[in-house]
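1. Pasted the sequence and its predicted model underneath.
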Amino acid sequence: MAEVTRKRTGELLRKLFEILLQSQDGLQAGVALKKLADSVTLSPYEAGIYESSGDRRFEKIVRFATVDCVKAGWILKHKGTWTVTVDGVEAYNSITDPESFYKSAVKLYDAWKASQKGLSLQTSSQPEFGEEDSGGKSTSITFEQAEEQAWTEIEMYLLAMNPYEFQDLVADLLKAMSYHVSWVSPPGKDGGVDILAYNDPLGTVPPRIKVQVKRVTQRISTDTLRAFTSLIGNNDVGLFVSTGGFTKDAEEFARAQESRKVTLIDLDKLVELWIEFYGKLEDSARRRLPLSPIYFLTPPA
């Protein structure tokens, strides 16, 4: 039976780290794996397909190895995005031999595994990929792939939504959060404010909430955010919702504001709030972004 050596796994991992380090904010797992596959020559075994799932062995090999890296504290996985941590950068720079690199990750995984109740420290062996392993890696991979798929589908759904429907979605969310929405901008020029909301039905209790909504793929810059904050008065607070997120400079600009306070909400935070207040949404609002919980066995933390 064909094998995948630790040296080969280490080579793939180091190349993966190289690819991830080129992106400051990490990469979606699928994108990272494609870039990795395009940058190496796969062996016939690695390019082979599992008949049961239709997956290439290559993807499973890499995913199994990244579980070690996660428990080693070298990679952070969040909603399908893989990012190299500070410890991961240090390991990548200091352990240049591929086999030693992967062995170090495995050793740290074993230390984590031994810390779990009822387990003793022992050296892991490379599993036959595609089969269940006693360390729970298969559970971790199943969980992360499900999370990646769910998040990707939600993101694509929201990005494809009509801009004004997305604006109404944000207004619906504010209502579910017990704010009183007094105005939602109709199609056309809005002067930089898309939604007005208050803390009480009559709008007598400050602050007034001014909201700008952007259904975009690019990050919001400091200039765009500065233009919005210029519309925020002394008795206002600003809420800027952007599906594309914000640049680091824009985030710093928002934190530095004192008299003109503004809260930034990216796609990640928006979906978290939608899930948190889903039970308080009106039925018509839920239909804008209908979600259903599906339960998976949670991998050990």
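-> It's in. Residues are numbered from 1 along each chain as shown.

2. Give me the contacts around whichever helix or strand Ala250 is part of.
-> Using DSSP states H and E, Ala250 sits in helix 248-256. Residues from elsewhere that reach helix 248-256, judged by C-beta atoms under 8 Å, 6 or more residues apart in numbering: Arg219, Ile220, Ser221, Thr222, Thr224, Leu225, Arg226, Phe240, Phe246, Val262, Thr263, Leu264. The way it works is simple: take the backbone N, C-alpha and C, and place the C-beta from them, glycine included.

3. same thing with stretch 290-301?
-> With C-beta under 8 Å, 6+ apart as the criterion, stretch 290-301 contacts Gln116, Gly136, Thr139, Ser140, Thr142, Phe143, Ala146, Ala150, Ile154, Trp274, Ile275, Tyr278.

4. Next up, the contacts around the most centrally placed residue in the chain.
-> For the chain, the residue sitting closest to the mean C-alpha position, by C-alpha atoms, centre = their mean, is Lys79 at 3.6 Å. Lys79 makes contact with Glu147, Glu148, Trp151, Asp268, according to C-beta under 8 Å, 6+ apart.

5. For it, give its distance to Leu108.
-> Counting by C-beta to C-beta, to the nearest Å, the gap between Lys79 and Leu108 amounts to 24 Å.

6. cool, Gln116 as well?
-> Taking C-beta to C-beta as the criterion, Gln116 is separated from Leu108 by 14 Å.

7. which one of these two has more residues nearby?
-> With other C-beta atoms under 10 Å as the criterion, Gln116 and Leu108 differ in neighbour count, and Leu108 comes out ahead with 18 against 11.

8. which one is the more buried one nearest to, not counting chain neighbours?
-> With sequence-adjacent residues excluded and distances taken as C-beta to C-beta, 6 or more residues apart in numbering, Leu108 is closest to Ala72, at 3.6 Å.

9. In contact with that neighbour, which residues?
-> Listed by C-beta under 8 Å, 6+ apart, the contact partners of Ala72 are Asp87, Gly88, Ala91, Ser104, Ala105, Leu108, Tyr109, Trp112.

10. pLDDT wise, what is the last one at?
-> For Trp112, the pLDDT comes out at 86.
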